[in-house]
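> Please work out how this folds:
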Amino acid sequence: MFENGLVPELLLGSKYGRKLHFWNLYQRKHVQEIDFGPDYQLVFELRPAHDPTKAYGFVNCVLA
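The predicted structure is shown next:
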């Protein structure tokens, strides 16, 4: 879905994610997900801080 860029048909068909996932990187476990619902389909990317000992990270909104 991402190799050739954004595909409008997939976007309009709600095939892109609308959930933000949180992971425990030390244990490699999925911790939580937040579903923004059908009215708020957004593609998010969550990245840890550059220093992995920090408790914060970054969220990027790719498409709104």
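
> Can you list the buried residues in stretch 22-30?
Going by neighbour count (16 or more other CB atoms under 10 Å), nothing in stretch 22-30 comes out as buried. C-beta coordinates here come from the backbone N, C-alpha and C atoms, glycine included.

> The closest residue to His21 other than its chain neighbours: how many residues sit nearby?
Distances taken as CB to CB, 6 or more residues apart in numbering place Glu33 nearest to His21, at 4.8 Å, with adjacent residues excluded. When neighbours are defined as other CB atoms under 10 Å, Glu33 has 11 of them.

> how would you label Leu11: helix, strand or coil?
helix (DSSP: H, G, I helix; E, B strand; the rest coil).

> for Ile34, same thing?
Quick answer, by three-state DSSP: Ile34 is strand.

> helix, strand or coil for the residue of the chain most remote from its centre?
The centre of the chain is farthest from one residue, Thr53, which by CA atoms, centre = their mean lies 21.2 Å away. Following three-state DSSP, Thr53 is assigned to coil.

> That'll do, ta.
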